[in-house]
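[1] the sequence and its predicted three-dimensional model are supplied below.
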Amino acid sequence: MKDILTNKCNLCPRNCNVNRKIGEIGYCGQPYEISAARAALHMWEEPCISGERGSGTVFFSGCPLRCVFCQNHSIAIGKSGKRISTQRLSEIFLELQDKKANNINLVTPTHFVPQIIDALKGARADGLKLPVVYNTGSYEHVETIRSLEGHVQVYLPDLKYYDSNMAQRYSNASDYFKVATAAISEMVRQCKDAVFAGDSGIQGLIGDGIVEDGIMLKGVIVRHLLLPGGLEDSKKIIKYLYETYGDEIYISIMNQYTPMKKFEKYSELNRLVTEAEYDELVDYAIELGVENGFIQEGETAKESFIPEFDGEGI
């Protein structure tokens, strides 16, 4: 955190080295002041995150990746969102707890990590007892993830690409796999053993009655979104994750890719993932031996799965 505290932001691997405190803008598109587009109960995460009551999800504006196919495009490029103080963010966390959220879910939070840590400290002092979920595209410095130890209980990272050419083409980040796997390794170190509600070892920390059985209180779920034509790259991702971590992590294999516009430059993305492609990837994971995992069933590739970024709860 020392870089941003000395007015040079290098929170993510873009290493912009800009002074966001005086309004200078780096790759994420955001000054230092927090911007968020929505804070509400969210039902569309993995079952152990959303449960029946929903995940208390805060969608932050801006993004260090800005993938060309992003489903949250309007907030990734910073067009949606409201400026709020650290104190207001603390209040939002407590309001979500009052709404009986299972957790506090921080979506695309990288570029606001120092402020989020301060907001969490304030909220904990005022009675926040929920586990905190860090929901990220994984283009993270290890040092930034390390600073979250003790503040975040559940990590929900993507592992998007194995191939550097795909990473460069879609996310302008040829070093993505190296960077993301290092960040995920640190997340796993912090959450060596997954814990679910009902485990007496952590239930007292979270607070009896706050969460019900089946909700993850501590652990790592790595998500991978299958892209059109990306089956072979996806197999390499699943193979890497299982060979590296085995059953230490959960792997969430997603089929919800939705073309948000008609691409000219990326014409290969102008379709949904086929059922055959997805089934082949799931079968491959099963053949490898993956047991701790999630798959998506039914028609998940719909814009209705994308919430309105209308400032609710902010």
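    It's in.
[2] count of neighbours near C70?
    Neighbourhood size, C70 [other CB atoms under 10 Å]: 18. Glycine gets a C-beta too; all of them are placed from N, C-alpha and C.
[3] mind jotting down where the helices sit in the stretch 51-200 of the chain?
    Ranges of helices in the stretch 51-200 of the chain, per DSSP state H, counting those that start in this stretch, are 73-76, 86-98, 113-125, 142-146, 164-171, 176-190, 200-206.
[4] select, out of those, the one closest to K8.
    Distance to K8, taken as CB to CB, is lowest for helix 113-125 among those, at 12.8 Å.
[5] chain center to that closest one, what's the gap?
    Centroid separation for helix 113-125 versus its chain: 18 Å, with CA atoms, centre = their mean, to the nearest Å.
[6] helices or strands up against that helix?
    Helix 113-125 sits against helix 86-98, with contacts defined as 3 or more CB pairs under 8 Å, 6 or more residues apart in numbering; DSSP states H and E.
[7] mean confidence score for the helix it packs on?
    The average pLDDT within helix 86-98 is 98.
[8] that helix vs helix 113-125, what angle?
    50 degrees (axes from the mean of the first three to the mean of the last three CA atoms, to 10 degrees).
[9] I'd guess R223 is in a strand, am I close?
    Yes. Looking at R223 with DSSP: H, G, I helix; E, B strand; the rest coil, it is inside a strand.
[10] how close does G313 sit to D126?
    Distance, G313 to D126, using CB to CB, to the nearest Å: 17 Å.
[11] no, scratch that, I was asking about G311
    Applying CB to CB, the value for G311 to D126 is 23 Å.
[12] which residues sit against stretch 262-274?
    Outside stretch 262-274, the residues within contact range by CB atoms under 8 Å, 6 or more residues apart in numbering are 68-69, 169-170, 226-229, 255, 257-259, 301.
[13] got the end-to-end distance for it?
    This stretch, stretch 262-274, spans 18 Å end to end (CA to CA, to the nearest Å).
[14] average pLDDT across it?
    The average pLDDT for stretch 262-274 rounds to 95.
[15] and for G219, nearest residue in space, chain neighbours not counted?
    Excluding its sequence neighbours, the residue lying closest to G219 (CB to CB, 6 or more residues apart in numbering) is A194, at 3.1 Å.
[16] how about the secondary structure of E277?
    Relying on three-state DSSP, one would call E277 helix.
[17] E232 now?
    E232 ends up helix, using three-state DSSP.
[18] what about it, how many residues nearby?
    Counted with other CB under 10 Å, E232 comes out at 10.
[19] show me the strands in the chain, by range?
    Assigned by DSSP state E, the chain shows strands spanning 34-42, 55-60, 82-84, 104-107, 132-136, 154-157, 195-196, 216-225, 250-254, 293-295.
[20] could you tell me the least trusted of those strands?
    Among the strands of the chain, strand 195-196 has the lowest mean pLDDT, at a mean of 85.
[21] returning to that earlier point: which one (most neighbours) among the contacts of stretch 262-274?
    When neighbours are taken as other CB under 10 Å, the top entry among the contacts of stretch 262-274 is L226 (25 neighbours).
[22] no further queries at this time; thank you.
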